[in-house]
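K.L.:
The following comprises the amino acid sequence and a computationally predicted model.
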2 protein chains.
Amino acid sequence: MVASASPASSPDPREPPPPARELSPVDGLAQLSFLVHGLLERRAAEHELSITQTRLLAILRDRTPTMNELARVLGLDKSSVTGLVDRAERRGLVARGPSAADRRAVLVALTDAGRALVAAAAARFEEDVAALLDPLPASERDELARLLTRLLVARAAEQGLDLFPSSGRP
Amino acid sequence: MVASASPASSPDPREPPPPARELSPVDGLAQLSFLVHGLLERRAAEHELSITQTRLLAILRDRTPTMNELARVLGLDKSSVTGLVDRAERRGLVARGPSAADRRAVLVALTDAGRALVAAAAARFEEDVAALLDPLPASERDELARLLTRLLVARAAEQGLDLFPSSGRP
DNA sequence: TATTGTTATACTCTATAACTATA
DNA sequence: TATAGTTATAGAGTATAACAATA
């Protein structure tokens, strides 16, 4: 797993190769995850962005959180977010601002430049993933989407989250 | 994509919630990749390993490469590998040794401690991925494996690689 | 007293450039 | 001269601990 692409089982050398082999679901999922992660990493790098910087900008597309909220969403210590936002601010991608509600808090927002950059990177990444799915006919892409959605919904439910909110809440 | 779990489309608020929604194949793949990557990161961290250290140890399970080969496989500069192997060696996980063929070269091998550590981390990670697949009945896990294998085989073929070698070679 | 954010410090990971030893 | 590896240096990303300002 992790680094090697070969299946674990060693076939009997006396037999002719079996007609078609398949990855285990576990191996397939693991390998595909690394592949997709690498695609994002490469596209982000084209815009001089790390994965973390990309996540930061992606989060800010929807909200204007405090430093503290950002730390929670990113799963980082607040001191790490200070540095992260410092570097993005130096590049003019985000801006800090005061909070009307709490004079201790600092709000972080995307600048126009940051919004343009994350939009470009996201578009390219989505093209990559779409290209990855290209070999499958549409019916099988739908089937894949159905299976992946079920996995993600189940996982979200285990964590008490709803993957599809907005069903009748303010 | 990237950071947010919500689908892009906003439903009509006058309609009752549609019966079942689904992620696009692109979103499903992207989200699942981050999920699986995070699982590996957490399991590795339990053993005080970074993803990079884990990759290093995983590669060494199968081979005893030179520093140079390691740099190529990991996609890193050789100077980065020097530091990586330094830190692993300090922890007693790998050992450097001379090459009989080339007195400039340095061979890197897993120690027993390193082998035990990577085996433990890999086992836990595979349990995690298996648990992720648990919500699907066996027939759908098989279908998922079939679809993922086709994607990975197609991608490997584009790069001139065979995902399933060993068909009639020493 | 508790919370928000920054600073100081330290370690990992990564790269570029310069260097040593061998081929 | 070219290649294998290390060292020096620099910067991103991360965390812990101590601090200032505000609640």
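P.N.:
Happy to help now that I have it. Numbers count the residues shown, from 1 in each chain, chains lettered A, B, ... in the order given.
K.L.:
pLDDT (mean, whole number) over the helix or strand harbouring A:R141?
P.N.:
Here A:R141 sits within helix A:138-158, counting by DSSP states H and E. Helix A:138-158 shows a mean pLDDT of 91.
K.L.:
who does that helix touch, helix- and strand-wise?
P.N.:
Secondary-structure packing of helix A:138-158 (3 or more Cβ pairs under 8 Å, 6 or more residues apart in numbering or on different chains; DSSP states H and E): helix B:25-46, helix B:112-133, helix B:138-158. C-beta coordinates here come from the backbone N, C-alpha and C atoms, glycine included.
K.L.:
what angle do the first one and helix A:112-133 make?
P.N.:
Okay, so that is helix B:25-46. Per axes from the mean of the first three to the mean of the last three Cα atoms, to 10 degrees, the angle that helix B:25-46 makes with helix A:112-133 is 100 degrees.
K.L.:
what does helix B:25-46 contact?
P.N.:
A:2, A:29-30, A:32-37, A:40, A:125-126, A:129-130, A:132-133, A:141-142, A:144-145, A:148-149, A:151-152, A:155, B:1-2, B:5, B:7, B:23, B:50-51, B:53-54, B:121, B:124-125, B:128-129, B:132 (Cβ atoms under 8 Å, 6 or more residues apart in numbering or on different chains).
K.L.:
List only buried entries from the residues you listed.
P.N.:
Buried by 16 or more other Cβ atoms under 10 Å in any protein chain shown: A:2, A:29-30, A:32-37, A:40, A:125-126, A:129, A:132-133, A:141, A:144-145, A:148-149, A:151-152, A:155, B:1-2, B:23, B:53-54, B:121, B:124-125, B:128-129, B:132, out of the contacts of helix B:25-46.
K.L.:
re earlier: check the offset of the helix holding A:R141 from the chain's centre.
P.N.:
16 Å (Cα atoms, centre = their mean, to the nearest Å).
K.L.:
One more: stretch A:33-48?
P.N.:
The mean C-alpha position of stretch A:33-48 is separated from the chain mean by 10 Å, Cα atoms, centre = their mean.
K.L.:
and that stretch, average pLDDT?
P.N.:
91.
K.L.:
Does DNA strand D have contacts with that stretch?
P.N.:
No - against DNA strand D, stretch A:33-48 shows no contacts by Cβ under 7 Å from any atom of the strand, the least distance being 9.1 Å.
K.L.:
Any part of that stretch near DNA strand C?
P.N.:
No - taking Cβ under 7 Å from any atom of the strand as the criterion, stretch A:33-48 and DNA strand C are apart, separated by no less than 9.7 Å.
K.L.:
what's the helix or strand for A:S80?
P.N.:
Using DSSP H and E, A:S80 falls in helix A:78-90.
K.L.:
show me what contacts the spatially closest residue to A:P25 that is not a sequence neighbour?
P.N.:
Counting by Cβ to Cβ, 6 or more residues apart in numbering or on different chains, A:P25 lies nearest to B:A145, which is 4.3 Å off, once chain neighbours are set aside. Neighbouring residues of B:A145 by Cβ under 8 Å, 6+ apart: A:22-25, A:28.
K.L.:
could you dump those to a markdown table with distance to A:A113 and pLDDT?
P.N.:
Formatted as a markdown table, the contacts of B:A145 follow (distance: Cβ to Cβ, whole Å; pLDDT from 0 to 100):
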| residue | distance to A:A113 | pLDDT |
| --- | --- | --- |
| A:E22 | 46 | 81 |
| A:L23 | 42 | 82 |
| A:S24 | 45 | 83 |
| A:P25 | 42 | 84 |
| A:G28 | 39 | 85 |
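K.L.:
Need the max-distance pair from the residues you listed.
P.N.:
A:E22 and A:P25 (9.2 Å; Cβ to Cβ).
K.L.:
Pick out whichever of those two has more residues nearby.
P.N.:
Neighbours per residue, other Cβ atoms under 10 Å in any protein chain shown: of A:E22 and A:P25, the larger number sits with A:P25, 24 against 16.
K.L.:
would you say A:D62 is within a strand?
P.N.:
No - counting by DSSP: H, G, I helix; E, B strand; the rest coil, one finds A:D62 to be coil, located in no strand.
K.L.:
ok, so what distance separates it from chain B?
P.N.:
Noted for A:D62: a distance of 6 Å to chain B, by Cβ to the nearest Cβ, to the nearest Å.
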